[in-house]
Structure formats: structure tokens, C-alpha cells
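sequence isn't available, so here's the structure alone:
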């Protein structure tokens, strides 16, 4: 297993639906200072060239702290910017196609919304999976929550690093950990926090 993944606990997503691109660098600095282990750039509806520009600027920051930067959906960005990984959804490229588009060795993650999808992502050769949404989330209203019950089962049946995602915040994080989660993704809770640094530190302490 990739060492940066093996030790990763808190995965932060910088979603351009919540954050202006001009503020992205400052937010990433706060995420890094707060101890976020992996950072994903997500920008639905943005052009690939704009996302590549933002990724390049952010990578200058993440590289200094050895924090892997993952781009969402568009594996071809990894051919232009030295990001560490690519994340695909169920309706995006296959893992194999994403690897081909990236044109080099990168981490490849896949979003999964059921045990079967998580098993399939492992068979397909993903490096990690996102599993959720655990709770209802405004970011993915089209997916019904998987709830807490399957968290232990997915950890028993899938050997990849599993990042639980979907509506997770400081208030419900302990229930997710108690259900068997070792790694979580935070999006809106982290991005809207009064202090991203303090919020991330609190989460990483709970996950330690």
C-alpha cells in the first residue's frame, strides 16, 4: 500500500462549488496546517484548463508539505500537472482508462455507494475507495445515505484504504469511528468551518 495512503486519516475536498478559485490557495494552506492528510480538488462544471491551472498553483503548496493532491474526474490533468492522484466516480472513466489518460503512475481512487461497488473497485485495481454517503449530504443529493451499518462490513470485505464520506462533521464523527471507520472525508463541514485549522486538528485528534 502507498505509504501516504496507509497513514492517511483525514481527506479534505476543496470543492469549487463552495470556494472561489482565488481563495483556494489560502484554504489549502489552512488544511495543511490543520493536518489534513490528502487534499482533492473538485470543480464540477469548470473547464479542464481552469482546473489544471488551479491544480498547478495548489500543487506548489501541497508539494512542500508532502501532502498528496488528488484531482477529481479529469485524469488528463495528471498528464499536465504533477499531482499525486486522480479520483473517479461511478459514472466517470474506469480505473484502467484513468490510468491511461494520466500517462504515469498516480494514486487512483473511486467513489462507491454500496458494498458491491466497493468490492468491484478493488477488483478493478483502485488504490483506495470513498464509501458513502454515510449521511445525507447537500453535495450528493442524488445518492441515498448508506448509513452506519455497512461500514464494518465494507472494512471486513475490502482490503483497500476506505474513506467514509458524506455529511460527516465533528458532531457525528465519533459515531462513524464507532461504526468501524478509520478514515473519513470532509467537504462542506471543513470548508465552512469558522477555523479550518482548528476543525481539521479536532478531526485528526479524534481519528488518531
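Sure thing, it's come through. Every value quoted in this text rests on a predicted model; they were computed, and no experiment measured them. Numbers count the residues shown, from 1 in each chain.

where does residue 41 land in three-state SS?
Assigned with DSSP: H, G, I helix; E, B strand; the rest coil, residue 41 falls in the strand class.

and for it, the neighbour number?
29 (other Cβ atoms under 10 Å). For every residue, glycine as well, the C-beta is placed using N, CA and C.

again with the one 3 residues further on
A count of nearby residues for residue 44, using other Cβ under 10 Å, gives 10.

distance of the closest residue in space to residue 72 that isn't next to it in sequence from residue 5?
What sits nearest to residue 72 in space, not counting adjacent residues and going by Cβ to Cβ, 6 or more residues apart in numbering, is residue 42, at 4.0 Å. Distance from residue 42 to residue 5, counting by Cβ to Cβ, to the nearest Å: 18 Å.

please apply the same query to residue 38.
As judged by Cβ to Cβ, residue 38 and residue 5 stand 8 Å apart.

repeat that for residue 154.
For residue 154, the distance to residue 5 equals 16 Å [Cβ to Cβ].

what do you get for residue 124?
Noted for residue 124: a distance of 17 Å to residue 5, by Cβ to Cβ.

now residue 12
Separation of residue 12 from residue 5 (Cβ to Cβ): 15 Å.

who's more crowded, the two?
Comparing residue 12 with residue 5 by other Cβ under 10 Å, the one with more neighbours is residue 12, at 28 against 21.

report all helices and strands that the lengthiest helix in the chain contacts.
Ordering each helix of the chain by length in residues (DSSP state H) puts helix 48-64 first. Applying 3 or more Cβ pairs under 8 Å, 6 or more residues apart in numbering; DSSP states H and E, one finds that helix 48-64 contacts helix 24-34, strand 38-42, strand 69-72.

roughly how far is that helix from the heart of the chain?
16 Å (Cα atoms, centre = their mean, to the nearest Å).

and the helices in this protein?
For the chain, the helices defined by DSSP H cover 3-6, 24-34, 48-64, 95-102, 115-124, 149-157, 170-178, 188-191, 196-207.

contacting residues around the fifth one?
In this case it means helix 115-124. By Cβ atoms under 8 Å, 6 or more residues apart in numbering, the residues outside helix 115-124 that reach it are 90, 94-96, 110, 112, 129, 131, 150, 153-154, 157-160, 162.

ok, residue 37 to residue 141 distance?
Residue 37 sits 27 Å away from residue 141, going by Cβ to Cβ.

out of the two, which sits in the busier spot?
The neighbour comparison of residue 37 against residue 141 (other Cβ under 10 Å) goes to residue 37, with 21 against 9.

can you tell me the closest non-neighbouring residue to that one?
That would be residue 8: by Cβ to Cβ, 6+ apart, it lies 3.8 Å from residue 37.

pipe the helices of the chain into TSV and attach mean pLDDT and distance to residue 70 per row.
Formatted as TSV, the helices of the chain follow (pLDDT from 0 to 100; distance: least, Cβ to Cβ, whole Å):
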stretch	mean pLDDT	distance to residue 70
helix 3-6	88	11
helix 24-34	98	12
helix 48-64	97	10
helix 95-102	97	11
helix 115-124	98	15
helix 149-157	95	20
helix 170-178	98	21
helix 188-191	96	15
helix 196-207	98	17
